[in-house]
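K.L.:
predicted structure and sequence below. I'll ask about it afterward.
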Amino acid sequence: MMSHCQVTVVEKLHFFHFYVQKAQKYPKNHYCFTLANSALFSYFNCLAVIFFGAFRMSGKVTIADLIEAKRQGRKVVAVSCYDYTTARLVAQAGVEMILVGDSAAQIILGHDSTLPATMDFMVAITAAVRRAAPGVCLIADMPFLSYQLGTHEAVRNAGRFAAESGAQMIKIEASSAYLDVIRAVSDAGMAVMAHIGIRPQSIGRMGRFKAEASTTEMAFELIALAGQMINAGAGALLLEGVCAEVAKIITQRCEAPVIGCGSGPDCDGQILIAPDILGLTQGPRPKFAKSYANLADATIAAFTQYAEQVRSGRYPDVEHSYRMKTGEMDRLLKMLESCA
């Protein structure tokens, strides 16, 4: 497959025409129909879906697809979200990977850290995301104390995500102390994403977070740790808050896919949480968080308008109300009158 930078305008039009023909030949193929007929996609967006969403042509995005993307130099798009409704929209955008992160404890439950997330909670919301997005590569996030108590507990909890939630890969925040956990979960037949760099579950020990690998010594240690994680059986890495130069070195040295979260542009893919992408979060945010919409203001405006219409009696109106069948109201009034 040609690289993104090799595609000319003529080739874009060729791809667009190709999928028009496919949609006409296979009208029930939703993928082709969407590409060919949606006025919302420009030619550039069609091209992005064709290239970055090409995994979907054969069904569910697999870990093998992600490895192949790395080999071909195609960036992987990942989003962290926590609910059915949002996940459905994310999947329709052609995103390859969804991570159901333990940051749900903060975003959904309002805690000041990820630590209160429980296994039952994480299993439930991960399963909801899978129902919403059956075609994406789904990553489950092991919450605090789900793997720190030993390899047996780690394998059992990871297995819950695979069996109950349909997760394809298990993310574990890992230091060198947890190499045995990475190995045990991997040996049990589950793919592991090792999360290194900034590790939010260590907030109790660290107190606050800062960029990782900002000195030569720290960078050397992190590069070595990345190699240890892969040798222990990790099938992918997530680098959070790692200085861009170091993230580039790790990505180049590692055969497994490397997903960046605030770790510069050279990782194999990027991930942000859905509320940041949509501009729903308010207050301080990490330096790397970027919004592509401002839905917080739009949401507040919508709720405000709803409240005003309720208070003024304009909602619900006739259009949004159910009515009795013709003549039934008269019958009801007579029935009530006879009972008085």
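P.N.:
Great, that's in hand.
K.L.:
where does the stretch 101-250 of the chain dip in pLDDT?
P.N.:
203-209 (pLDDT under 70).
K.L.:
show me where it has helices.
P.N.:
104-107, 119-132, 151-160, 179-187, 203-206, 216-231, 244-253 (DSSP state H, counting those that start in this stretch).
K.L.:
in terms of secondary structure, what does the second one contact?
P.N.:
When contacts are defined as 3 or more CB pairs under 8 Å, 6 or more residues apart in numbering; DSSP states H and E, helix 119-132 sits against helix 84-92, strand 97-100, helix 104-107, strand 137-141, helix 151-160. Backbone N, C-alpha and C define where each C-beta goes, glycine included.
K.L.:
which parts of the fourth one are buried?
P.N.:
Going back to what we said before, that points to strand 137-141. The neighbour-count check on strand 137-141 (16 or more other CB atoms under 10 Å) flags 137-141 as buried.
K.L.:
also the last one?
P.N.:
By neighbour count, with 16+ other CB under 10 Å as the criterion, the buried positions of helix 151-160 are 151, 153-155, 157-158, 160.
K.L.:
export the residues you listed to TSV and tack on distance to Ile182?
P.N.:
Output for the buried residues of helix 151-160, formatted as TSV (distance: CB to CB, whole Å):
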residue	distance to Ile182
Thr151	10
Glu153	14
Ala154	9
Val155	11
Asn157	14
Ala158	10
Arg160	18
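K.L.:
single out the most deeply packed of the helices of the stretch 101-250 of the chain.
P.N.:
helix 104-107 (a mean of 22; mean count of other CB atoms under 10 Å).
K.L.:
packing partners of it?
P.N.:
With 3+ CB pairs under 8 Å, 6+ apart as the test, helix 104-107 has helix 119-132 packed against it.
K.L.:
show me what contacts Leu295?
P.N.:
Listed by CB atoms under 8 Å, 6 or more residues apart in numbering, the contact partners of Leu295 are 278-280.
K.L.:
what is the neighbour count of the closest residue to Val155 other than its chain neighbours?
P.N.:
Leaving out its chain neighbours, the residue that sits closest to Val155 by CB to CB, 6 or more residues apart in numbering is Ala188, at 4.7 Å. By other CB atoms under 10 Å, 17 other residues sit near Ala188.
K.L.:
any idea how far Ala188 is from Ala154?
P.N.:
Look at Ala188 and Ala154: by CB to CB, to the nearest Å, they are 9 Å apart.
K.L.:
and Asn45, what pLDDT?
P.N.:
Asn45 is assigned 44 on the pLDDT scale.
K.L.:
now the one 10 residues further on
P.N.:
Reading off the per-residue confidence, Phe55 sits at a pLDDT of 49.
K.L.:
for the protein, which strand is longest?
P.N.:
Counting by DSSP state E, the longest strand found in the chain is strand 191-197.
K.L.:
what angle do that one and helix 244-253 make?
P.N.:
150 degrees (axes from the mean of the first three to the mean of the last three CA atoms, to 10 degrees).
K.L.:
and strand 191-197, what does it pack onto?
P.N.:
Secondary-structure packing of strand 191-197 (3+ CB pairs under 8 Å, 6+ apart): strand 169-173, helix 179-187, helix 216-231, strand 236-240.
K.L.:
counting contacts, what elements does the second one pack onto?
P.N.:
Contacting helix 179-187 under the criterion 3+ CB pairs under 8 Å, 6+ apart are the following elements: helix 151-160, strand 169-173, strand 191-197, helix 216-231.
K.L.:
returning to what we had before: closest one of the contacts of Leu295 to Ala104?
P.N.:
Using CB to CB, Leu280 comes nearest to Ala104 of the contacts of Leu295, at 13.9 Å.
K.L.:
quick one: residues contacting the closest one.
P.N.:
Contacts of Leu280 by CB under 8 Å, 6+ apart are 274, 295-296, 299.
K.L.:
of these, closest to Ala104?
P.N.:
Proximity of the contacts of Leu280 to Ala104 (CB to CB) peaks at Ala274, which lies at 10.8 Å.
K.L.:
number of nearby residues for that closest one?
P.N.:
20.
K.L.:
can you give me the distance of Thr251 to Val242?
P.N.:
For Thr251, the distance to Val242 (CB to CB) stands at 10 Å.
K.L.:
which neighbours do the two share?
P.N.:
The contact sets of Thr251 and Val242 overlap at Gly260 (CB under 8 Å, 6+ apart).
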